[in-house]
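J.: Have a look at this prediction, sequence included:
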2 protein chains.
Amino acid sequence: MSGRGTREPVREPAPTARRDLRLVRGEETHARILERAMDLSSTQGLEGLSIGHLATSLGVSKAGLFAHFGSKEALQLATVEAARGVYFSTIIEPALLEPEGLPRLLRLCTAWLDYVDHDTFRGGCFFASASAEFDSRPGKVRDRIAETMREWLDFLESAVLDAIRLGHVKKDTDAKQLAFELHALEMGGNWARQLLLDPDALKRARTAIVHRLDALTVHRRS
Amino acid sequence: MSGRGTREPVREPAPTARRDLRLVRGEETHARILERAMDLSSTQGLEGLSIGHLATSLGVSKAGLFAHFGSKEALQLATVEAARGVYFSTIIEPALLEPEGLPRLLRLCTAWLDYVDHDTFRGGCFFASASAEFDSRPGKVRDRIAETMREWLDFLESAVLDAIRLGHVKKDTDAKQLAFELHALEMGGNWARQLLLDPDALKRARTAIVHRLDALTVHRRS
């Protein structure tokens, strides 16, 4: 992320270059902190993510980390924001490369399952853990998690609507209902994988999703 | 639970009766503690369930509560056990009153949704919260949660197998897959209700489940 590998070695940098290097290091540190924070909170929970624990895990001072974020809530919010970025780049972006309609809808679902299958976070889907942890804890963190998940469901729903509009799936399909079901099956796969350590969990979710979409697909005769 | 309402007033109880009364009070206290513990941990998490917090919430001494359970883990295990009892009495027991096969399978699903809809716990399904919280925390508490959920899925699966055996649903139905899907849809309903405060969440889960079962039902011609 830093791009340091392609940078020419600088022995005595000009003032501007020195500022740039500091900036790069600052961004690196920030990214590194948040990467660890996401990973820790996917297993220990966002509430279990203490600045002290994170500092120890990163080998930095607690005071330095506190100065960086200012409060535990700010750290939690930054962590949710980082996870939101990962969600976007690993699930939404690959799907946007697919043609609109059924191919994109299917890719959204399989990219979600791959995101869990590839151990993007040690604790499975970050937002599945964070949802369950924060659904009864009012505040900014809960609001941001809920907002992210609403956007995700809306995105799934709009992909279903595109598939209807393009004649890929049946016209009378209830897009909101289908988005709910596809997401529930994905979360069910994550749940059975993480809690029951069921090696077939994601395969089951995939089977259910493909079956559900297949039942709604308009099969054109060639 | 205590049965004290039907008990004759005892001014000077005999030694045996005195022991009985102590026993009744002890059971009452135990049940009351666990009821509060389940409710608190459904919102704050089982890890957030400190003996100190619980003692304050119940208006009893922390030392007394510690003496009662001995450790935080023992309190967590007792809470999981109590929630398991609630799960059994509110979901499994009503379903056992239904005839074997499809009626019982359907009742298992609707009883689950009712258990969430009736706010059995403030934080929604106890085991949905506890699963997400403990899936990455190895130990006895995680094991007991996973064991309970495996039993629940096995019970659902055996209800599907009965429905196949009795000719209520199609012979080629994959019972394990169907149990996974029904449970995922229920959990999805709980998730959308608790996090998104979606008033239609449980209705959506119910619709999906009825639709899924209907597609598998063997409709006899009269």
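T.: Happy to help now that I have it. Residues are numbered from 1 along each chain as shown, chains lettered A, B, ... in the order given.
J.: give the contact list for the residue nearest the centre of chain A.
T.: Centroid-nearest residue in chain A: residue A:87, 2.5 Å away (criterion: Cα atoms, centre = their mean). Taking Cβ atoms under 8 Å, 6 or more residues apart in numbering or on different chains as the contact definition, residue A:87 lies against A:115, A:126, A:127, A:148, A:152. To be clear about C-beta, it is placed using only N, CA and C from the backbone, and glycine gets the same treatment.
J.: Could you look up the SS state of it?
T.: The three-state label given to residue A:87 by DSSP: H, G, I helix; E, B strand; the rest coil is helix.
J.: What's the separation between it and chain B?
T.: As judged by Cβ to the nearest Cβ, to the nearest Å, residue A:87 and chain B stand 15 Å apart.
J.: which secondary element of chain A has the worst mean pLDDT?
T.: Sorted by mean pLDDT, DSSP states H and E, the helices and strands of chain A end with helix A:15-44, the least confident at a mean of 72.
J.: Quick one: name whatever helix or strand follows it.
T.: Reading on from helix A:15-44 to the C-terminus, the next helix or strand found by DSSP states H and E is helix A:51-58.
J.: Any part of that next one near chain B?
T.: No - Helix A:51-58 lies out of reach of chain B by Cβ under 8 Å from any Cβ of the partner chain, never closer than 13.3 Å.
J.: Residue ranges in chain A under the pLDDT threshold?
T.: Judged by pLDDT under 70, chain A has its weakly predicted residues at A:1-28, A:221-222.
J.: Helices of that one, residue ranges please.
T.: Secondary structure of chain A by DSSP state H: the helices cover A:15-44, A:51-58, A:62-69, A:72-87, A:93-96, A:102-117, A:126-134, A:140-165, A:175-194, A:201-216.
J.: want to try a markdown table for the ones you listed, with distance to residue B:60 as columns?
T.: Below are these laid out as a markdown table (distance: least, Cβ to Cβ, whole Å):
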| stretch | distance to residue B:60 |
| --- | --- |
| helix A:15-44 | 29 |
| helix A:51-58 | 31 |
| helix A:62-69 | 35 |
| helix A:72-87 | 30 |
| helix A:93-96 | 54 |
| helix A:102-117 | 43 |
| helix A:126-134 | 27 |
| helix A:140-165 | 30 |
| helix A:175-194 | 35 |
| helix A:201-216 | 42 |
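J.: What is the nearest of the contacts of residue A:87 to chain B?
T.: Within these, the smallest distance to chain B is 9.2 Å, found for residue A:127 (Cβ to the nearest Cβ).
J.: and the residue nearest to that closest one when sequence neighbours are not counted, how many neighbours?
T.: Distance criterion Cβ to Cβ, 6 or more residues apart in numbering or on different chains; nearest residue to residue A:127, sequence neighbours excluded, is residue A:149 at 6.0 Å. Residue A:149 has 20 neighbouring residues, counting by other Cβ atoms under 10 Å in any protein chain shown.
J.: Spit out the contact partners of residue A:149.
T.: A:127, A:131, B:195, B:196.
J.: Give me the contacts around stretch A:89-97.
T.: For stretch A:89-97, the external contacting residues (Cβ under 8 Å, 6+ apart) are A:104, A:107, A:108, A:111, A:112, A:114, A:115, A:120, A:155, A:159.
J.: Quick check: the last one vs residue B:191, distance?
T.: Residue A:159 sits 20 Å away from residue B:191, taking Cβ to Cβ, to the nearest Å as the criterion.
J.: filter the contacts of residue A:87 to the buried ones?
T.: If you count burial by 16 or more other Cβ atoms under 10 Å in any protein chain shown, the buried members of the contacts of residue A:87 come out as A:115, A:126, A:127, A:148, A:152.
J.: Mind picking the two most distant members of the residues you listed?
T.: Greatest spacing in the buried ones among the contacts of residue A:87, by Cβ to Cβ: A:115 and A:148 (14.0 Å).
J.: ok, residue A:179 - contacts?
T.: Shown in contact with residue A:179 (Cβ under 8 Å, 6+ apart): A:153, A:154, A:156, A:157, A:160.
J.: of these, list those near chain B.
T.: Residues of those in contact with chain B (Cβ under 8 Å from any Cβ): residue A:153.
J.: Out of the contacts of residue A:179, flag the one nearest to residue B:176.
T.: Nearest to residue B:176 out of the contacts of residue A:179 is residue A:156 (Cβ to Cβ; 26.1 Å).
J.: my guess is the closest one contacts residue A:108, does it?
T.: Yes - judged on Cβ atoms under 8 Å, residue A:156 makes contact with residue A:108 at a distance of 6.1 Å.
J.: Tell me how many other residues surround the residue nearest to residue A:132 when sequence neighbours are not counted.
T.: Spatially, and ignoring its direct neighbours in sequence, residue A:132 is nearest to residue B:132 (3.3 Å; Cβ to Cβ, 6+ apart). Neighbour count of residue B:132, defined by other Cβ under 10 Å: 28.
J.: how near is residue A:62 to residue A:51?
T.: In terms of Cβ to Cβ, residue A:62 sits 6 Å off from residue A:51.
J.: higher neighbour count, these two?
T.: residue A:51 (20 against 14).
J.: wait, doesn't that one sit right on residue A:68?
T.: No - using Cβ under 8 Å as the test, residue A:51 is too far from residue A:68 to be in contact (9.0 Å).
J.: how many neighbours does the closest residue to residue A:155 other than its chain neighbours have?
T.: What sits nearest to residue A:155 in space, not counting adjacent residues and going by Cβ to Cβ, 6+ apart, is residue A:92, at 6.7 Å. Applying other Cβ under 10 Å, we find 16 residues neighbouring residue A:92.
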